[in-house]
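In: Return atomic coordinates for the entry below.
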Amino acid sequence: GAYGIMPKKYAKKGEAKLGDLIVVVGGRTGRDGIHGATFSSGEMTEKTKEVNATAVQIGNAIEEKRMFDALLEARDEDLIRVVQDVGGGGFSSAIGEIGENLGVSVDMKKAPLKYQGLSPWEIWVSESQERMIVVLPKKNLKKFVKICQKYNTEASVLGKFDNSKKLNVYFGKEQICNLDMQFLHHGLPKKVLQAIHPRGVKATPGVTEGLLRGGPKSEKEWILVSEKVLSSGDVCSKEPIVRMYDHTVQGTSVLPPFTGVKMDGPNDAVVIRPLLDKPYGMIVAHGLNPALNNIDPYWGSIWAATEAVSNYSAVGGDYKEASLINNYIWPFPDEESLWSLDQSVTAVCDFMKTLKIPVISGKDSLSSTYRGPDGTVIKIPPVLIMSVFGKIPDAKKTVSSDFKKVGSTIVLVGKQNFNNPPHVDLKLLPKVLDTLYKTIQTGKVLSCHDVSEGGLITSIFEMCLGGVMGAIINTSKDFLFNETAGCFIIEVENENVVKKLFQGIPYQILGKTQKQNNIKVDKLFKVSVSQLAQAWKKPMEEIFS
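Out: This is a model prediction of the structure:
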């Protein structure tokens, strides 16, 4: 999703009034994007490429920038009553949604076109990009058009709102649509769908399954398992992908995706300062784990939400100031997929109510199934991406993941369990997150990293990598690869401050950082950070080299 900031006084839902004009601003309308929304909501087949080629919109970033600049100035001049993006369904959706409580009369012949030859219905449903529908009082039109001309973006009046309670669409003098608004918004009967609990568990084989029977028994085997985990697709470095995108544009990045001496240690979240003259910043973080959703969609979804909020908290965020966005990418909704979807939605609701933070928006693509000409059916695993963002009052109090000091104390904070998937203790989680936030505010946390895919050993490795140092760890072997979300690895100055900082929540002193660039785990094994780094970086480097 996209994030932004705006003056609070403009953060309101506008409402069209009788006689207001309907204006399209921005790009012109073409055949690209016709049935884009319906195409993206359907299953893919071998004919998709040929049949749905025109469903993909053609973007124009320069036009988009001009349009946005014009809209911002018009907003600041208080000219706009309502603004609506022209997305799925084109004008039919954008205009129809705004006019629910009134009536609408629009003329598609007045819409600027990329080229001639479009039928009226094509203009009406096209999803061409970089267009906005703006509703404004007639008295503001002249000033609005002048602003649009200043930024070299088009603005055309399509029609107005009336009291007909109908959607009237014309092409010149020819009426092509006359629908009752009540029918348009409430006339479609709701479907009653059946969901069935599937038999068995669709677990993804573990990355070390079949590698060693009965678990590692020697130092060599422990190192082999660690390398195997770190090189797995869910855990390995994604740096070649991330580096394809500019994460320093406009110079607002306080905490980028990577950190440390060599800028190759992954942070849990990013922090930006949208207004450079202000002390506050915005945190953006994510969480997902499709493999766990295959095993248990309820606890897999709880894990994803917990991971997102944990990433947010690990860099210094107060979870009580956070907002959530859920994005569902699911197989086509057959009876089994509907059951897993229902379980996932229930999990998100339970998470939201327990932590008392809102899900403010979301997106779904419930059609990720491919049917081949030979009858082959390929379904993606059920994916829930939880995004979280919020305000950090002082961006200077952000904490990165890389170890900072040789000889400092390493602490595991939070409660681990050994269910598969891990069952997050939702009653304890708010207390852990709140304690972490208050502790970071004291300035006594040198570094922080959450525990997620790959478990404790992965978090320790990534912190060592960023800090170009090592660690001596004393813990049970059962904890090394445990992936309980809501747990954190924290670096503090020394053991003397630990009890006071984390009183009232579960914690365990794991060990200390060291100058030697290796990780020593109790009496189990010792391995160089560079050896683990090679295994961790290799998969994506081979693909993107």
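In: Can you name the helix or strand that Tyr170 falls in?
Out: Using DSSP states H and E, Tyr170 sits within strand 166-171.
In: Remind me what that strand packs against, helices and strands.
Out: Contacts defined by 3 or more Cβ pairs under 8 Å, 6 or more residues apart in numbering; DSSP states H and E place strand 166-171 against strand 103-107, helix 120-125, strand 174-180, helix 181-186. Bear in mind the C-beta positions are built from the backbone N, C-alpha and C, glycine included.
In: Return the most buried member of the ones you listed.
Out: For the helices and strands packed on strand 166-171, the largest average neighbour count (mean count of other Cβ atoms under 10 Å) is found in strand 103-107, namely a mean of 21.
In: who's in contact with that one?
Out: Strand 103-107 is contacted by residues 22, 91, 95-96, 98, 158-172, 181 when judged by Cβ atoms under 8 Å, 6 or more residues apart in numbering.
In: Just the buried subset of these, please.
Out: 22, 91, 95-96, 98, 158-162, 166-171, 181 (16 or more other Cβ atoms under 10 Å).
In: Next one: Gln250 from Glu336, what distance?
Out: Gln250 sits at a distance of 46 Å from Glu336 (criterion: Cβ to Cβ, to the nearest Å).
In: Next: Pro506.
Out: Distance, Pro506 to Glu336, by Cβ to Cβ: 37 Å.
In: cool, and Met540?
Out: In terms of Cβ to Cβ, Met540 sits 33 Å off from Glu336.
In: buried ones in stretch 364-377?
Out: For stretch 364-377, burial by neighbour count (16+ other Cβ under 10 Å) applies to 366-371.
In: So for Gln250 and Glu336, which residue has more residues nearby?
Out: Remark: of Gln250 and Glu336, Glu336 carries more neighbours, 17 against 10, as counted by other Cβ atoms under 10 Å.
In: so the more buried one touches Gln194, yeah?
Out: No - contact criterion Cβ atoms under 8 Å: Glu336 and Gln194 do not qualify, at 10.5 Å.
In: Export the buried residues of stretch 364-377 as CSV, with columns for distance to Ser237 and secondary structure.
Out: Listed next are these as CSV, based on distance: Cβ to Cβ, whole Å; DSSP: H, G, I helix; E, B strand; the rest coil:
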residue, distance to Ser237, secondary structure
Leu366, 31, coil
Ser367, 31, coil
Ser368, 26, coil
Thr369, 31, strand
Tyr370, 29, strand
Arg371, 35, strand
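In: is it possible to export the residues you listed to CSV including pLDDT and distance to Met108?
Out: Formatted as CSV, these follow (pLDDT from 0 to 100; distance: Cβ to Cβ, whole Å):
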residue, pLDDT, distance to Met108
Leu366, 87, 31
Ser367, 84, 29
Ser368, 86, 34
Thr369, 87, 35
Tyr370, 87, 36
Arg371, 86, 36
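In: in the stretch 201-350 of the chain, which segments are predicted with low confidence?
Out: For the stretch 201-350 of the chain, the stretches with pLDDT under 70 are 201-214.
In: Mind jotting down where the strands sit in it?
Out: Counting by DSSP state E, counting those that start in this stretch, the stretch 201-350 of the chain has these strands, from start to end: 253-255, 258-259, 265-266, 270-272, 281-287, 322-329.
In: Could you tell me the end-to-end distance of stretch 385-402?
Out: 25 Å (Cα to Cα, to the nearest Å).
In: List the buried residues for that stretch?
Out: So, applying 16+ other Cβ under 10 Å, buried residues of stretch 385-402: 385-390, 392, 395, 397-402.
In: now swap in stretch 489-498 and tell me
Out: 489-492, 497-498.
In: for the longest helix seen in the chain, packing partners?
Out: Longest helix in the chain by number of residues (criterion: DSSP state H): helix 335-355. The contact analysis (3+ Cβ pairs under 8 Å, 6+ apart) places helix 335-355 against helix 297-314, strand 322-329, strand 383-392, helix 429-441.
In: again, 7 Å this time
Out: Contacts defined by 3 or more Cβ pairs under 7 Å, 6 or more residues apart in numbering; DSSP states H and E place helix 335-355 against helix 297-314.
In: what angle separates the helix it packs on from helix 429-441?
Out: Following axes from the mean of the first three to the mean of the last three Cα atoms, to 10 degrees, one obtains 20 degrees for the angle between helix 297-314 and helix 429-441.
In: Next, the contact list for Tyr328, please.
Out: Each residue near Tyr328 by Cβ atoms under 7 Å, 6 or more residues apart in numbering is listed here: 364-366, 384.
In: Please repeat the previous calculation with a cut-off of 8 Å.
Out: By Cβ under 8 Å, 6+ apart, the contact list for Tyr328 reads 341, 344, 362-366, 383-384.
In: And Ser387, by the same measure?
Out: 1, 284-286, 308, 324-327.
In: What subset of those residues is buried?
Out: Looks like the contacts of Ser387 have 284-286, 308, 324-327 buried, using 16+ other Cβ under 10 Å.
In: Can you tell me which of these is closest to Lys139?
Out: Ile325 (37.4 Å; Cβ to Cβ).
In: And for the closest one, nearest residue in space, chain neighbours not counted?
Out: With Cβ to Cβ, 6 or more residues apart in numbering as the criterion, Ile325 has its nearest non-adjacent residue at 4.3 Å, and that residue is Ser387.
In: Could you dump the buried residues of stretch 489-498 into a markdown table and include pLDDT and secondary structure?
Out: Putting these into a markdown table (pLDDT from 0 to 100; DSSP: H, G, I helix; E, B strand; the rest coil) gives the following:
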| residue | pLDDT | secondary structure |
| --- | --- | --- |
| Ile489 | 98 | strand |
| Ile490 | 98 | strand |
| Glu491 | 98 | strand |
| Val492 | 98 | strand |
| Val497 | 91 | helix |
| Val498 | 94 | helix |
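In: among those, which two are most distant?
Out: Ile489 and Val497 (16.0 Å).
In: got a list of what the nearest residue in space to Thr248 that is not next to it in sequence touches?
Out: Among residues not flanking Thr248 along the chain, Pro256 sits closest, at 6.7 Å (Cβ to Cβ, 6+ apart). Pro256 sits next to 247-248, 263, 267, 270 when contact means Cβ under 8 Å, 6+ apart.
In: Of the residues you listed, which is the most crowded?
Out: Busiest of these [other Cβ under 10 Å] is Asn267, holding 25 neighbours.
In: For the helix or strand just after the longest helix of the chain, list every residue counted as buried.
Out: Next along the chain after helix 335-355, taking DSSP H and E as the criterion, comes strand 359-365. Buried residues in strand 359-365, counted by 16+ other Cβ under 10 Å: 359, 362.
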